[in-house]
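Trainee: show me the folded form of this:
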Amino acid sequence: MDITSYNTEENQEEVRPALHIGQHDSSRTETLTDLQYGQVLNSGFRFVTAPITNARFHERIVKLVDDSLAQAQGQGKQTNGNRIDPIVDALTPDDTTLFPGVYTSGFVCYASPWIDLCSPNHVIASISRQVLNLEVDYANFCGVRSIIVPGPRQDAAQAGNGLGVAQYARAIQEALLIGTRISLIIHLPMYREPGLEEKIAQLSIAEEEGKGKENAKGDIDIFTTWDSWHVIRTVCDYNDKLFVALRIPRVLPAKELQTRWFSEPLQYLTYSPATFQENKAGHPSLGKAHQDLIGVYMRLKNAPYFLLCDAGPEVKPDPPSITNQKVPDVSSSSDFPSLGSAPAAVEEAFQPPKNEQGILGHNAYLAYFRHLERQQEPYSDLELSTLTNFQDWLQSPLQPLADNLESVTYEVFEGDPVKYERYEAAIVEALTEWIEQAKPTSSLDGEVVIAVAGSGRGPLVTRALRASKITGVPVKVWAVEKNPNAYVYLLRQNQTVWEGKVSVVKTDMRAWKGPVLSSSSSPSNADSSVQHGKVDILVSELLGSFGDNELSPECLDGIQHVLSPTHGISIPSSYTAHVSPISTPRLFADIKARSELGGAEPCNANAFNTPWVVRLFALDFVAARGVPDHPRFQQAWEFAHPLTEETMDQIRKRKEGGVVGGGGGCMQGGVGANDHNARSCCLTFVCRHRGVVHGLAGYFEAVLYERQLQRRQEQREEGEEVEVEVEMGEDGEVKGAEKPMVELSILPEQIDRKSKDMVSWFPIFFPLKQPLYFPADSELEVTMWRQTDDARVWYEWMVEAFRWVSATERIKVGGSELCSSRKVACLM
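Mentor: Predicted structure coming up:
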């Protein structure tokens, strides 16, 4: 994470994103000398671009093209078996000024902008490809680590230019194989705004130039450049050494395109003087929209660098005193100073004339970017400690029933106060209503019995005791935990923190018989004489990123037998799973790399069939907002607790063999006792713009507690509390109001309202094995299943793309394979 610090007036350190700014001069034909490089760095830039070859090499290639075209014209019509195939000779010292050196690895090289990899002319395309390969190979030898390659000047979406972009992509794929240690960065405009292209003429014949001008006329389709980029990175198989540099236009496009590029592997944002506007003082500045774009892009963990193009400073040539420096003759001692005068002699020899060296003049564009840097919103403590570090980092889902978690994992969970504050609020509401409703308790002495199922290290136990203190309602708390190591910690907490008020039980919650009411003093008949009671409030934090993906339904079903059937409360009482199709090229590339790596890790071998927990950040939600009946985030299914008595009877019958089951996912090896927890959905999302889907983003919402009584509400007027009677309807419901609920949510559109700053859960990502491209005005149909065979739970998912061709007919334009997490299923 690139950050910079500033001290505020209160002497508090604020950490902001740092803007790394480089300099590019499109007219530069020679690599900077060490002195010139130092001048640029001293003027405030962090890096500089350098050409790989020089003007002499360009002249040599132009001559080769002219000779080859003349030869081809002289031969008349060529066939595939008899065509001109010119060869570009190897580089010579006269063709380049780039050589291995101290600062070479700090250069960002810029490939020759005059090559035309898209040319339909075989001679021009072949020579251009050879030039690129020569430059990449030589830069790789010199120690350069990244090369910017000018992108296609026409897009695949334009009629008749599909071959050109495919040909370009093929050349880039070949160059990646040659440059084994080099990253290639494709320089493209954000969209084809007039005047945003390279100004240097290509190796093109006259009719090609005219054709390009004709294609430039008419309305601008802002997604054509992204289309070309998608072709390039697809041909290059999402290579992790391939990046994109965006030319930022003066007029920014719609937000949909900005977020599309936000999800891509951005390396540079490039700005030319034409992008800026003058402020009232006559200095260059950027409008509010541009500032907002920079603010959003700089929140990326791997934020893009900035490249100022043709905006100065003018680099001065080395002074004659250095370029013509006399080399001492080692054969004559008279050319050497004495040891005492050597330092002064060296300083005099290499000191340029006065006013010919030093920091270059003030650069207004660079100064403005430094101003923007100071205006960046500081990172919050939450961003610094957690959120930024976890951006787009794939994590395998937990197996809480199969594995015993480590203390550090529990510690991460406990670091989120928001979740436990919401749980405490839910318990407070439940206890308050318990007294208001005059409910009976399951204990002999009238205390409300609370059981924390899956207690971990006890944070919910602490909150339950605190809720009792807040409400004044006496409680008896039981902590149930299967992890033997966490059990030891719970016993210690009971001794040192809870003052012995908690009963700690080590067992799988599904096997727990309930609170002990009384027991026999005789060891011989202890089991038969132990009396177990019921639980009044069952509290659990078994929710996963998709709500049910860590087997919360199965766990709570298994412990429901201890919950009071007449007045028992489950916290949470219900939870829903939600999905949305997304584009996330970086995650796809990461999962692809894991899949190819394989190894002993099941999640790597089945990377595309694994639902990954990840803090999704560099993504694009492809579904449109505000479509009636088809929102961007849609509910897949819901679970509610406790189950009805009819469902519990059905489960018992299945376990006893009275009902043939297994329809929930597999009829082999199961009686269908868990079939009631199988789910499925088919959801339709509307996409107005063309794009690509890499998978599904999954979220959940939970109702911890829903108020049962419509109590008198309080409102404040002029600082005084005034009780207002709620008007009740004939059905006992509040007129024009909903029952207040204590909720949790990780839905992007709801989290700030329901559980702001909560970080206990990151979203879940269901990847597709191959990216699914879809045209504009498409419908994406997402079909998902939650499957079970009584021993495991897994998910299956697929996505299909449709387009309407009439009012009553639609056609399928694409579809994914069926993905299944059965091989990495959650074990029950």
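Trainee: only C-alpha atoms from now on, for both contacts and neighbour counts.
Mentor: Fine.
Trainee: what are the ranges of the helices in the stretch 151-300 of the chain?
Mentor: In the stretch 151-300 of the chain, the helices defined using DSSP state H, counting those that start in this stretch lie at 162-178, 206-215, 224-235, 255-262, 288-297.
Trainee: distance check, the closest residue to residue 265 other than its chain neighbours against residue 363.
Mentor: Leaving aside its chain neighbours, residue 265 sits nearest to residue 243 (5.4 Å; criterion: CA to CA, 6 or more residues apart in numbering). To residue 363, residue 243 is 28 Å away according to CA to CA, to the nearest Å.
Trainee: before we move on, the earlier item: check contacts around the residue nearest to residue 265.
Mentor: 183-186, 265-267 (CA atoms under 8 Å, 6 or more residues apart in numbering).
Trainee: highest neighbour count among the residues you listed?
Mentor: When neighbours are counted by other CA atoms under 10 Å, residue 184 leads those with 28 neighbours.
Trainee: that residue bridge partners, please.
Mentor: Under the criterion DSSP bridges, residue 184 forms beta bridges with residue 147, residue 242.
Trainee: gap between it and residue 410?
Mentor: Taking CA to CA, one finds residue 184 at 42 Å from residue 410.
Trainee: what of residue 536?
Mentor: Noted for residue 536: a distance of 26 Å to residue 410, by CA to CA.
Trainee: one more: residue 132?
Mentor: 53 Å.
Trainee: between those two, who's got more neighbours?
Mentor: residue 132 (22 against 15).
Trainee: that one against residue 175, yeah?
Mentor: Yes - using CA atoms under 8 Å, residue 132 makes contact with residue 175 at a distance of 7.2 Å.
Trainee: just the angle for the strand ranked longest in the chain relative to helix 224-235, thanks.
Mentor: The single longest strand within the chain, with elements called by DSSP state E, is strand 691-706. For strand 691-706 against helix 224-235, the angle by axes from the mean of the first three to the mean of the last three CA atoms, to 10 degrees is 90 degrees.
Trainee: using PDB, write out every CA atom in strand 691-706.
Mentor: Taking C-alpha atoms only, strand 691-706 is exported to PDB below (Å, rounded to 0.1, in the frame of the first residue of the first chain):
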ATOM      1  CA  GLY A 691     -19.500  -6.500 -20.700                       C
ATOM      2  CA  VAL A 692     -18.100  -9.700 -19.200                       C
ATOM      3  CA  VAL A 693     -19.100 -11.700 -16.200                       C
ATOM      4  CA  HIS A 694     -16.400 -13.500 -14.100                       C
ATOM      5  CA  GLY A 695     -18.600 -14.700 -11.300                       C
ATOM      6  CA  LEU A 696     -21.300 -13.900  -8.800                       C
ATOM      7  CA  ALA A 697     -20.900 -11.800  -5.700                       C
ATOM      8  CA  GLY A 698     -22.700 -13.200  -2.700                       C
ATOM      9  CA  TYR A 699     -23.900 -11.300   0.400                       C
ATOM     10  CA  PHE A 700     -26.300 -11.800   3.300                       C
ATOM     11  CA  GLU A 701     -28.700 -10.000   5.600                       C
ATOM     12  CA  ALA A 702     -29.800 -11.200   9.000                       C
ATOM     13  CA  VAL A 703     -32.600 -10.300  11.400                       C
ATOM     14  CA  LEU A 704     -31.200 -10.900  14.800                       C
ATOM     15  CA  TYR A 705     -34.400 -10.000  16.600                       C
ATOM     16  CA  GLU A 706     -37.700  -8.700  15.500                       C
END
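Trainee: how far does that strand sit from the chain's center?
Mentor: On the basis of CA atoms, centre = their mean, to the nearest Å, strand 691-706 sits 15 Å off its chain's mean C-alpha point.
Trainee: now stretch 111-123
Mentor: For stretch 111-123, the distance to the chain centre is 35 Å (CA atoms, centre = their mean).
Trainee: okay, that stretch in PDB with CA atoms only?
Mentor: This file holds the C-alpha atoms of stretch 111-123, laid out as PDB (Å, rounded to 0.1, in the frame of the first residue of the first chain):
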ATOM      1  CA  ALA A 111       7.900   1.000 -27.300                       C
ATOM      2  CA  SER A 112       8.200   2.700 -30.700                       C
ATOM      3  CA  PRO A 113       4.800   4.400 -31.300                       C
ATOM      4  CA  TRP A 114       5.300   4.400 -35.100                       C
ATOM      5  CA  ILE A 115       4.900   0.600 -35.500                       C
ATOM      6  CA  ASP A 116       1.500  -0.600 -36.700                       C
ATOM      7  CA  LEU A 117       0.700  -4.100 -35.400                       C
ATOM      8  CA  CYS A 118      -2.900  -3.800 -36.600                       C
ATOM      9  CA  SER A 119      -2.000  -3.100 -40.300                       C
ATOM     10  CA  PRO A 120      -3.800  -5.200 -42.900                       C
ATOM     11  CA  ASN A 121      -0.700  -5.000 -45.000                       C
ATOM     12  CA  HIS A 122       1.400  -8.100 -44.300                       C
ATOM     13  CA  VAL A 123       4.700  -6.300 -44.800                       C
END
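Trainee: measure stretch 384-393 end to end?
Mentor: Counting by CA to CA, you get 15 Å between the two ends of stretch 384-393.
Trainee: what is the mean pLDDT for that stretch?
Mentor: What stretch 384-393 shows for mean pLDDT is 85.
Trainee: for that stretch, list every residue counted as buried.
Mentor: Neighbour counts over stretch 384-393 (16 or more other CA atoms under 10 Å) mark 387-388, 390-392 as buried.
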